[in-house]
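[1] kindly return the folded structure for what I paste below:
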Amino acid sequence: MKLILTKDVQSVGEAGDIVEVAKGFARNFLLPNNVAEIATAGAVKNRERNLERIKAKAEKLHEESLAQAEQIKSLGSLEVTAKAGETGKLFGTITTKKLAEVLQERSGITIDKKAISLDRPINQVGEYKLLVKLTSKVSVDIVIEVKASEIIKD
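    From the prediction side, this is the model:
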């Protein structure tokens, strides 16, 4: 099925692209979430007229994302505290939601929890590396240092 993307979709394309996707993917995800429209003749003509505006908007978003990435990098290592046992095992885990809150608190940048990817769960005291994907083209690595706020004896 031929569609015109109205927003960037990871591993599919960028806003303004004409893409060929499976009918089920189009019907069940792209069209209901308003990230694409069917590529009719009128829609393609409209896309041609709006292509400059779409590209300018994407360029502006890219520049803002680069500035945000630099701001996040300048924070260096982030420290997160949680209750832990004598062996360093945390009571619970540090979630991406908690990490997004800490990043927002320290940098002032609102980051979606889905943009943060961990290579392993954070359930021990120590250092962890995580990737924050601001856009499909801009991402930044951050080091999180997890420390025990309180050591509880077993």
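
[2] not counting its neighbours along the chain, what's nearest residue 57?
    Distance criterion C-beta to C-beta, 6 or more residues apart in numbering; nearest residue to residue 57, sequence neighbours excluded, is residue 15 at 7.6 Å. For every residue, glycine as well, the C-beta is placed using N, CA and C.

[3] now for the one you found: which residues touch it?
    5-8, 54, 57-58 (C-beta atoms under 8 Å, 6 or more residues apart in numbering).

[4] ok, now residue 31?
    Per C-beta under 8 Å, 6+ apart, neighbours of residue 31: 3, 37-38.

[5] neighbour count and distance to residue 98 added to those, as JSON lines?
    JSON lines is the format used below for these (neighbours: other C-beta atoms under 10 Å; distance: C-beta to C-beta, whole Å):
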{"residue": "3", "neighbour count": "23", "distance to residue 98": "37"}
{"residue": "37", "neighbour count": "15", "distance to residue 98": "37"}
{"residue": "38", "neighbour count": "12", "distance to residue 98": "40"}
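
[6] tell me the bridge partners for residue 90.
    residue 84 (DSSP bridges).

[7] all helices for this protein, in order.
    Here the chain has its helices, by DSSP state H, at 23-25, 41-74, 96-107.

[8] for the second one, buried residues please.
    The reference is to helix 41-74. Going by neighbour count (16 or more other C-beta atoms under 10 Å), the buried part of helix 41-74 is 47, 54, 58, 61, 65, 68-69, 72.

[9] and the residues you listed, which is the shakiest by pLDDT?
    The pLDDT minimum for those sits at residue 54, where the score is 78.

[10] thought that one was touching residue 16?
    Yes. At 4.2 Å, residue 54 counts as touching residue 16 under the criterion of C-beta atoms under 8 Å.

[11] if we can go back for a sec, what is the nearest of the contacts of residue 15 to residue 124?
    Closest to residue 124 out of the contacts of residue 15 is residue 8 (35.2 Å), distances taken as C-beta to C-beta.

[12] which non-adjacent residue is nearest the closest one?
    residue 14 (4.9 Å).

[13] near that neighbour, how many other residues are there?
    Residue 14 sits with 16 neighbouring residues when counted by other C-beta atoms under 10 Å.

[14] which ones are touching it?
    5, 8, 58, 136.

[15] let's have those residues in CSV, adding distance to residue 76.
    Formatted as CSV, those follow (distance: C-beta to C-beta, whole Å):
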residue, distance to residue 76
5, 36
8, 29
58, 30
136, 25
